[in-house]
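1. how would this look folded up:
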Amino acid sequence: MSDTFYDSLAIWSQVVASFVFIAVLIYLWQRYIRPGVIAAQARKNGELVEAERRRDASKAALEAANEELEAAHDDARKIAARAERDAAALRDRLIAAARAEGRHAVQNAQGELERARIAAREQLRTEMLEKAMAIARDAAGRLDAATNGRLVEEALPAEAEA
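-> Down below sits the predicted model:
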């Protein structure tokens with residue numbers, strides 16, 4: 001056997017070994033590495049899907065929270081407007097009640113004033129009569145009979161003639 005045969009055999013054995021090595025690599029890739037890569041890819045895809053789902057859920061929750069916030073702002077505006085209307089209505093009622101009470105108080109005061117005037121007038125009249133009577137009694141006590149007769153004649157001339 002010649003050296004060329006051995007050289008050829010060595011070359012072909014390296015070629016066959018290379019093919020066997022490549023075949024073993026392909027087998028190992030297909031048997032162990034590829035399923036791991038596929039599993040890792042599936043796991044990462046699952047993580048991505050879960051992250052997207054959480055992101056979408058967060059977006060939906062954010063939109064719902066924004067809608068609730070806007071509804072709360074709307075409610076607050078409505079409550080403030082209603083409070084202003086109620087306060088204005090209450091103020092108007094209180095003012096109307098105070099005016100009515102003031103008119104009533106003025107009317108009562110006017111009535112009391114009129115009653116006080118009448119009472120003062122009556123008291124003044126009574127005092128004047130008492131003073132006039134006292135003056136008349138005093139004057140009557142100082143009159144003599146002749147002056148008394150003449151005064152009676154002057155005061156009652158028509159009865160004396162009749």
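2. in terms of pLDDT, where does E52 sit?
-> pLDDT for E52: 95.
3. tell me the contacts of it?
-> By C-beta atoms under 8 Å, 6 or more residues apart in numbering, the contact set of E52 is empty. All C-beta atoms are positioned from the backbone trio N, CA, C, and that covers glycine.
4. can you name the element that comes right after the longest helix along the chain?
-> Counting by DSSP state H, the longest helix found in the chain is helix 34-142. With elements assigned by DSSP states H and E, the helix or strand that comes after helix 34-142 is helix 145-155.
5. so what's the gap between that following helix and the chain middle?
-> 92 Å (C-alpha atoms, centre = their mean, to the nearest Å).
6. which helices and strands does it pack with?
-> Helices and strands touching helix 145-155, as assessed by 3 or more C-beta pairs under 8 Å, 6 or more residues apart in numbering; DSSP states H and E, are absent.
7. check which residues of it are buried.
-> Within helix 145-155, no residue counts as buried by 16 or more other C-beta atoms under 10 Å.
8. between it and helix 34-142, how many degrees?
-> 120 degrees (axes from the mean of the first three to the mean of the last three C-alpha atoms, to 10 degrees).
9. tell me the mean pLDDT over helix 145-155?
-> The model assigns helix 145-155 a mean pLDDT of 80.
10. format the CA atom coordinates belonging to it as CSV.
-> In CSV, the C-alpha atoms belonging to helix 145-155 read as follows (Å, rounded to 0.1, in the frame of the first residue of the first chain):
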residue,chain,number,x,y,z
ALA,A,145,-122.2,136.1,95.7
ALA,A,146,-122.7,139.2,93.5
THR,A,147,-119.9,138.2,91.1
ASN,A,148,-121.2,134.6,91.1
GLY,A,149,-124.7,135.8,90.1
ARG,A,150,-123.5,138.1,87.4
LEU,A,151,-121.3,135.2,85.9
VAL,A,152,-124.2,132.8,86.0
GLU,A,153,-126.3,135.4,84.2
GLU,A,154,-123.7,135.9,81.5
ALA,A,155,-123.2,132.2,81.0
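11. helices and strands of the chain: which one has the lowest mean pLDDT?
-> helix 157-161 (a mean of 56; mean pLDDT, DSSP states H and E).
12. show me what contacts L48?
-> For L48, the contact set (C-beta under 8 Å, 6+ apart) is empty.
13. contacts for stretch 127-143 next, please.
-> 148, 151.
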